[in-house]
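Asker: sequence and predicted model, in that order:
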Amino acid sequence: MRHTIYFLLNGETVTIDFTKEQGLYPQMPVLQYLRNHTRLTGTKQSCGTGDCGSCMVALAQKDRNGSTQLYAVNACLILLGMLDGKHLITIEGISHHEGKHLVQEALSNASSGIIMAAYVAYENGVPFTKQTIETILSGNICPNGSYIYIRKALLLLEEKRTTAQKIHLALPPENPTVFFYKGPMGNYIKPRTLEQLLTYKNTYPTYHTVSGSSGFSVYQALEHPESKPVIDISDTLELKRIEETDAYVIFGAGVTVEAFRETLVRHYPGAQEYLLSFGSLPVRNRASLAGNLANASSVGDIMPLLLALDAELELVSLGKKRNIPGADFNSGYHTHILGRDELIAAVRIPRPSATRKLFAHKQAKRSSMDVSTLTCCMAFDVIDNTLYRVTTGFGGMAPTPVRSARLEVFLEGRPFAEDTFRQAADLVPELFSTISDV
């Protein structure tokens, strides 16, 4: 075991031994570390909950296939201990020996967060179009409201784009040893294998299990500023797998919502707009399937989709494994059936037949970066213009995400026509008993 992390910061190697570095601890938000301990204050502090984009940075790390990838992430949502083995790039680090990066020149009057979001897209070879710019800038609030000029500048930059330089993607050598730090701000454990993870979860069942920290960091910032003991599963490789068999598409519980979206929409195109409304791209780059499910929110976005897709969950603990229907996971308002030492290991979604369709809709006050008011997901086969094998998932309509057996029976065998769904909509008030948790 070790209590030291190694990472690159703007190309320079950083070593932090938490037993020796006064004032630093693994649960510290990276934003706090950058501004208070490195004096890299180009990364700005504002909301502290991932909503505004002021603290946007770039993070290079290996993906599940071992390839190095660059992601736009919010520094307020990443824990310092999560930087181990990665390369963090701030606004101060994107210039090169010839001067400013082309994105900096194009967006000279924009906030550092917007520049970093565009920089990551540019380096990843994402073309700047009206549609992609919307996604790239999601989660960024421009303090001057100059969105029109930012879009114009990026469209002009696209016209003179050169090959992305990829100059910042070096990573430090991998260290497979378990990180285990016992400190006054709470213990922090970072296992590398599923077996290690289950052993520690069995020994420390009350520790917070954290993957992307998009929820835990907000919880810590708004409700519980004191640090908590953590088991960090962000580098547990078995939880990152995406596997496609003849019958299922299987997603490890640590797969990010963005990676989930990229694969799922190839099988269920109807999930595209729904999953794009899940936070912003930087949030989706961190949020995990397990984190969203284990929160057990009545308005969580992932469970209603899984209910409609008739998904199964694979639950594991030390020496045990069980598969359950997704519909059996939630036991009540913000509660689930996971045992104290049990974890979600994977989500199994049936591969669709050629006749299978998915409809998914999220209703919220804003098109993205907002909690659902309600969600409606529905899958069905269309054969000879008739509905068969209807499955549904609703969020925000009951204390837990639920299927509606009555609605499924009503739609079964009816014509695939607008009038059918209008009649179904008239049934909805009779089918649910909503609650107020405001």
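Answerer: Structure received.
Asker: dihedrals phi and psi, the residue most central in space within the chain?
Answerer: Nearest to the geometric centre of the chain sits residue 287, at 2.1 Å (C-alpha atoms, centre = their mean). Note on residue 287: its backbone torsions stand at phi -60, psi 140 [degrees, to the nearest 10].
Asker: where does it land on pLDDT?
Answerer: At residue 287, the model reports a pLDDT of 95.
Asker: check the one 5 residues further on too.
Answerer: Each residue has a pLDDT score; the one for residue 292 is 95.
Asker: if I look at it, how far off is residue 68?
Answerer: 26 Å (C-beta to C-beta, to the nearest Å). The C-beta positions use only the backbone N, C-alpha and C, and glycine is treated the same way.
Asker: so the two - more neighbours on which side?
Answerer: residue 292 (21 against 14; other C-beta atoms under 10 Å).
Asker: so who does the more buried one touch?
Answerer: Going by C-beta atoms under 8 Å, 6 or more residues apart in numbering, residue 292 touches 215, 257, 300-303.
Asker: try residue 110
Answerer: 118, 142, 146, 150, 153.
Asker: follow-up on the earlier one: can I get the contacts of residue 292 in JSON lines with pLDDT?
Answerer: Converted to JSON lines, those look like this (pLDDT from 0 to 100):
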{"residue": "215", "pLDDT": "86"}
{"residue": "257", "pLDDT": "97"}
{"residue": "300", "pLDDT": "91"}
{"residue": "301", "pLDDT": "95"}
{"residue": "302", "pLDDT": "97"}
{"residue": "303", "pLDDT": "97"}
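Asker: and these, which of them are in strands?
Answerer: Using DSSP state E, no member of the contacts of residue 292 sits in strands.
Asker: show the pLDDT at the residue in the chain sticking out farthest from the centre.
Answerer: Relative to the centre of the chain, the most outlying C-alpha is that of residue 384, 38.4 Å out, by C-alpha atoms, centre = their mean. Looking at residue 384, its pLDDT is 98.
Asker: among the contacts of residue 110, who's most crowded?
Answerer: residue 118 (29 neighbours).
Asker: doesn't residue 140 make contact with it?
Answerer: No - with contacts counted by C-beta atoms under 8 Å, residue 118 stays clear of residue 140, the gap being 9.3 Å.
Asker: burial of residue 273, as a residue count?
Answerer: Neighbours of residue 273 under the rule other C-beta under 10 Å: 13.
Asker: distance-wise, check it relative to residue 305.
Answerer: 12 Å.
Asker: which neighbours do the two have in common?
Answerer: Common contacts of residue 273 and residue 305, defined by C-beta under 8 Å, 6+ apart, comprise residue 360.
Asker: what about stretch 155-167, average pLDDT?
Answerer: 76.
Asker: ok, back up a step: residues contacting the residue farthest from the centre of the chain?
Answerer: Residue 384 sits next to no residue when contact means C-beta under 8 Å, 6+ apart.
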